[in-house]
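K.L.:
fold the following, please.
(2 chains)
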Protein chains: 2
Amino acid sequence: MIKINENYKKLQSSYLFVEIAKRVSQFQKENQDKEIIRMGIGDVTLPIPSVCIDAMHKGVDDLSNTKTFRGYGPEQGYDFLREAISENEFKSRGADISADEIFISDGAKCDTGNFQELFSQDTIIALPDPVYPVYSDTNVMAGRSGNFANGKYENFIYLDSTESNNFIPDLPSKKPDLIYLCFPNNPTGATATKDQLKKWVNYAKENKALILFDAAYETFIRDESLPKSIFEISGAKEVAVEFRSFSKSAGFTGVRCAHIAIPKECKIWDKAGESYSLHSLWNRRHSTKFNGASYPVQRGAAAIYTSEGKKEVKAMIDYYLENAKIIRNAMINLGYKCTGGDNSPYVWVKTKTSSWDFFDSLLKNAGVVCTPGSGFGKCGEGFVRFSAFNTKENTEKAMTKIAHIAN
Amino acid sequence: MIKINENYKKLQSSYLFVEIAKRVSQFQKENQDKEIIRMGIGDVTLPIPSVCIDAMHKGVDDLSNTKTFRGYGPEQGYDFLREAISENEFKSRGADISADEIFISDGAKCDTGNFQELFSQDTIIALPDPVYPVYSDTNVMAGRSGNFANGKYENFIYLDSTESNNFIPDLPSKKPDLIYLCFPNNPTGATATKDQLKKWVNYAKENKALILFDAAYETFIRDESLPKSIFEISGAKEVAVEFRSFSKSAGFTGVRCAHIAIPKECKIWDKAGESYSLHSLWNRRHSTKFNGASYPVQRGAAAIYTSEGKKEVKAMIDYYLENAKIIRNAMINLGYKCTGGDNSPYVWVKTKTSSWDFFDSLLKNAGVVCTPGSGFGKCGEGFVRFSAFNTKENTEKAMTKIAHIAN
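P.N.:
As a prediction, this is how the structure comes out:
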């Protein structure tokens, strides 16, 4: 008889965005004349850079002609893209990641979700709270969570990100094998300094743990003293892999392209204590279960590393950062404590009521939609997330409406 | 300490195509003046249909403008594509698969590889021999194989595809929970009749087993009496899911798009005997670990269902089938027994020596590369696979060279 993976029964319904949609739709039905401004969504709104458009057109044309046609590409990605990434994302910042340490994929959600497959069933997981749900859910599916009770899975180590630690989690008291970190953080928008990351790198080394570093929002970092890559920290190459995406840097959420950097010196052990190359292990997984990212998409991604592409990306991120600043300043002016929004597209606002009460009041009184922080984990209670992915006009309008109800 | 998934240690090196490349490169080095014709590769060679090119250009243009821009799409795929698939691939053949039973992805390799995650660790797997290695390797990684000895994993049930059963496996004596079937078959090119599939559907029903039906090559079926979908068999919707791909039908190996059909009535059980919807289970997995296929790619895929698209696809498949016929006829004329090549792009040729000896002799004497059948499993020994994915000129030249050495 065909039987289910029983671990799926432990998954909690991912009701956050469903519940938001339900409440918004109910409100809209009851107030058909009222405009609603959505400030909750983590999806980009600007068109992709024109250099990417041109490069994708060229890539599509390559497929129309026998001479330039490309069938199956390398599972790991085309060299033209891997080399551009190595040079522009890593080496230019002193992080020595070579092209063959980079694996191209169709998305960071897939990558961060799939990576845990490489590890033993009894791996002890540490993850941030609040958290991007994919880290948690995929480890539940893999049977590493234990049961859910009081807002937490019993076997996970939660790295609390709270006001008292400025949303940079402290080292845990119980020892994890696998540590998920995300900076600039989703949902809090917090960024980590080199010293803060160094502490985690040292901890991983001392404990033979591995750090999965999600840098999907690194393009938003404008403070030059902040690390964009964990590989800017010495020693990180032995204990970390990094996830990156074109989704937020170049507006590729609908185009689909991302990458992982796995240093060749990063080791992992079997139960007998013999060491293995993490790079080889992922290569085996990646080439068995994946067949390469779309060719025209890879052409489009590579274009952002041209000088024109860099300019366009900068202008796009400037635009979102300007929105983030508008949100941040407006909320601070109204007396709210805020994190993020300076080097990240998210502003994490401390509410004076519960997350959902604040959400309801904002929707009802201002017609503005935010994301209740409690949906991201226990430590998110009492916060909401505002997203900078919107037009400047809507952002300003939303903030004016919020100011109006506050005064 | 971070430890590996020990199951990876059981994987056998996938040395088939590496070994072929090594021998070909060695031969080329020693015979620099000799032309080599590659008849072994399963990758398409013709450009994608011009309607797909146009639709992809339009899709790319949509991303260049705020008004038409698309960010994250539905994880399950866009309705415009799901509806076209439901209508054209299924309903037109009497298979009642609705749009919301179809999940779009970036490839059938990913889909056939990932699907096993839904099932319990102790699931008993039946798979064809010879086999597409992804079915096997992904279940090894998941810990369902046991050890490898004498060319087989001890816990797998192998469905022998041999001359004596015309390469259509018999029902197994030991009962499996999960059954992989692939028709038209890779590598043998064999096709199954409705009666033959009906036998498997009945067997699955009787045993509460599930069939994973890989129909990646269905477009090559020209004999109207043969089923293109397992859902043409009554009762199949309760016990089967089907994997399809645009890779071979529209030349999308580098573009990346595929789909799975999961009927809503297909049930699966937990260990307490309670039933679950397989469709819901996959929906949870798919939306947790995947973020939708590329938007311009989905536009391109949908274009093959226009009347012009259908004509172009037919012409493309005609071309490959003509090559397959040339191979098949040539080999039969030389006294070899052949399967496939009539309703499939692969011709499975019985050799008079071992697979690798035949390969070496063909390379050395004719400069033609085929794929040794033994690389696909124990039952592949004594066979080689020829692929129709080539130019007609090369196909004819290769067959002339082979005839020359035979005479």
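
K.L.:
can you tell me how far the residue nearest to A:Gly375 when sequence neighbours are not counted is from A:Phe376?
P.N.:
Nearest non-adjacent residue to A:Gly375, counting by C-beta to C-beta, 6 or more residues apart in numbering or on different chains: A:Leu16, 3.4 Å away. The C-beta positions use only the backbone N, C-alpha and C, and glycine is treated the same way. Plainly put, A:Leu16 is 8 Å away from A:Phe376 if you go by C-beta to C-beta, to the nearest Å.

K.L.:
of those two, which one has the most company?
P.N.:
A:Phe376 (26 against 16; other C-beta atoms under 10 Å in any protein chain shown).

K.L.:
quick one: that one and A:Pro133 touch, right?
P.N.:
Yes - contact criterion C-beta atoms under 8 Å: A:Phe376 and A:Pro133 qualify, at 7.4 Å.

K.L.:
need the residues touching each of these two.
P.N.:
Shared contacts of A:Phe376 and A:Pro133, defined by C-beta atoms under 8 Å, 6 or more residues apart in numbering or on different chains, comprise A:Leu16.

K.L.:
picking that back up, list the residues that contact both of A:Leu16 and A:Phe376?
P.N.:
With C-beta under 8 Å, 6+ apart, A:Leu16 and A:Phe376 have common neighbours A:Pro133.

K.L.:
A:Val24: neighbouring residues, count only.
P.N.:
Using other C-beta under 10 Å, A:Val24 has 17 neighbouring residues.

K.L.:
same deal with A:Phe213?
P.N.:
28.

K.L.:
next, it: secondary structure please.
P.N.:
strand (DSSP: H, G, I helix; E, B strand; the rest coil).

K.L.:
now it. Nearest residue, chain neighbours left out?
P.N.:
Of all residues not flanking A:Phe213 in the chain, A:Ile230 sits nearest, at 4.2 Å (C-beta to C-beta, 6+ apart).

K.L.:
that neighbour and A:Glu242 touch, don't they?
P.N.:
Yes - using C-beta under 8 Å, A:Ile230 makes contact with A:Glu242 at a distance of 5.6 Å.

K.L.:
what do the two both touch?
P.N.:
A:213, A:215.

K.L.:
circling back: and the residue nearest to A:Phe213, how far is that from A:Leu181?
P.N.:
With the distance defined as C-beta to C-beta, A:Ile230 ends up 8 Å from A:Leu181.

K.L.:
who's more crowded, the two?
P.N.:
Counted by other C-beta under 10 Å, A:Ile230 and A:Leu181 do not tie: A:Ile230 has more neighbours, with 28 against 25.

K.L.:
okay, the more buried one and chain B: tell me how far apart.
P.N.:
Distance, A:Ile230 to chain B, using C-beta to the nearest C-beta, to the nearest Å: 16 Å.

K.L.:
pLDDT value on that residue, please?
P.N.:
We have a pLDDT of 98 for A:Ile230.

K.L.:
cool, and A:Asn329?
P.N.:
98.

K.L.:
which other helices and strands contact the lowest-mean-pLDDT helix or strand in chain A?
P.N.:
Ranking every helix and strand in chain A by mean pLDDT, DSSP states H and E puts helix A:16-30 at the bottom, with a mean of 91. In this structure, helix A:16-30 makes packing contacts with helix A:355-366, strand A:371-372, judged by 3 or more C-beta pairs under 8 Å, 6 or more residues apart in numbering or on different chains; DSSP states H and E.

K.L.:
buried sites along it?
P.N.:
Neighbour counts using 16 or more other C-beta atoms under 10 Å in any protein chain shown place A:16, A:20, A:23-24, A:27 of helix A:16-30 among the buried residues.

K.L.:
for chain B, state which of those is nearest.
P.N.:
A:Leu16 (12.9 Å; C-beta to the nearest C-beta).

K.L.:
counting by contacts, list what the strand or helix carrying A:Asp137 packs against.
P.N.:
Element membership for A:Asp137, per DSSP states H and E: helix A:133-141. Judged by 3+ C-beta pairs under 8 Å, 6+ apart, helix A:133-141 is in contact with helix A:108-114, strand A:125-129, helix B:278-289.

K.L.:
fine by me, thanks again.
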